[in-house]
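> Here's a sequence, model it:
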Amino acid sequence: MGETLESRMQVEGMTCEHCVRAVTGAASRVPGVARPRVELATGMLSWHGDADHAAVRQAIEEEGYRVR
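As a prediction, the model looks like this:
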């Protein structure tokens, strides 16, 4: 099996662990997202898979966060 692509996205507005859970939960519901992870200190969301970036962005923004 080939190596899974890793993608990253900057998310603004996260301030606590609740925010981390909301963002990772939203990302994980997008088809093609595997192992979403947020680094709160940098605001960086990363995941493996072939998910459409626009769909991930929309899911995050629907939770009330900004994506750069």
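> for Pro36, helix, strand, or coil?
The local conformation at Pro36, judged by DSSP: H, G, I helix; E, B strand; the rest coil, is strand.
> Surely it touches Ala27?
Yes. Taking Cβ atoms under 8 Å as the definition, Pro36 is a contact partner of Ala27 at 4.0 Å. All C-beta spots, glycine's among them, are computed from the backbone N, C-alpha and C.
> Who has more neighbours out of these two?
More crowded of Pro36 and Ala27, by other Cβ atoms under 10 Å: Ala27, with 28 against 23.
> who touches that one in this structure?
Residues near Ala27 by Cβ atoms under 8 Å, 6 or more residues apart in numbering: 33, 36, 45, 47, 56, 59-60.
> Among those, name the ones in strands.
Counting by DSSP state E, the contacts of Ala27 place 36, 45, 47 in strands.
> wait, which of the residues you listed is closest to Met9?
The shortest approach to Met9 among the ones in strands among the contacts of Ala27 belongs to Leu45, at 4.8 Å (Cβ to Cβ).
> separation between the closest one and Glu6?
11 Å (Cβ to Cβ, to the nearest Å).
> In terms of packing, which of the two has more residues around it?
Leu45 (25 against 12).
> Please name the residues that touch that one.
8-11, 23-24, 27, 36-38, 56, 60.
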